[in-house]
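>>> Predicted model follows, preceded by the sequence.
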Amino acid sequence: MPRPKGLGDTSGLVHKIKEMTGCDHLAYYIVWKYAPQLLTKQGLNTFEDLAAAYACFKNRNQSGLEAKLTEPTQQDAIKYLLERLHKSKLFDLYNLYYKRAQEDTNAFRAFLEFSKDFFGAEQNELIDILKGVDIND
């Protein structure tokens, strides 16, 4: 799976997760579990693969790391990561709406509505005008 667009420098994102968790092994475990496409080392399908790829997992086991994920600090890091991934998906959706809006009036209306919510803008004049337009013409 390719790295998602809209996330910026993913090494910066992994670094932020390291800062939040306070240690490399938890940061890499969280990223591997929730967004493995962000890791520089790919093809890590099992915990054993992950442990072999990163030295910070020496003398660590998956069940111990799973138990740590219930701690508030780790949950904050997971939430941060998932929020960033969600924003990336919204960028993709925005681009999809934009492409469809160029060819379809209904898609254009949906694009404007999505844009309003996506950018947090107030309703604009164009949306007001479009509400009175009969698109079946």
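Yes, it's here.

>>> Quick one: the strands in this protein, in order.
Assignment of strands within the chain using DSSP state E yields no ranges at all.

>>> Give me the distance between the residue nearest the centre of the chain and residue 11.
For the chain, the residue whose C-alpha lies nearest the mean C-alpha position (Cα atoms, centre = their mean) is residue 85; its distance is 0.4 Å. Taken as Cβ to Cβ, to the nearest Å, the spacing of residue 85 relative to residue 11 amounts to 16 Å. Every C-beta, even on glycine, is put in place using the N, C-alpha and C of the backbone.

>>> Likewise for residue 102?
Following Cβ to Cβ, the distance that separates residue 102 from residue 11 is 35 Å.

>>> likewise residue 117?
In this structure, residue 117 and residue 11 are 31 Å apart, going by Cβ to Cβ.

>>> Report the distance from the lengthiest helix in the chain to the chain centre.
Ranked by residue count under DSSP state H, the longest helix found in the chain is helix 72-101. Centroid displacement of helix 72-101 relative to its chain, using Cα atoms, centre = their mean, to the nearest Å, is 4 Å.

>>> Which positions in it come out as buried?
Neighbour counts over helix 72-101 (16 or more other Cβ atoms under 10 Å) mark 74, 77-78, 81, 84-85, 88, 94, 97, 101 as buried.

>>> of all those, which comes closest to residue 109?
Of all the buried residues of helix 72-101, the one sitting nearest residue 109 is residue 101; the distance, using Cβ to Cβ, is 8.2 Å.

>>> So for that closest one, what pLDDT did the model give?
Reading off the per-residue confidence, residue 101 sits at a pLDDT of 85.

>>> what separates it from residue 15, distance-wise?
With distances defined as Cβ to Cβ, the gap from residue 101 to residue 15 amounts to 37 Å.
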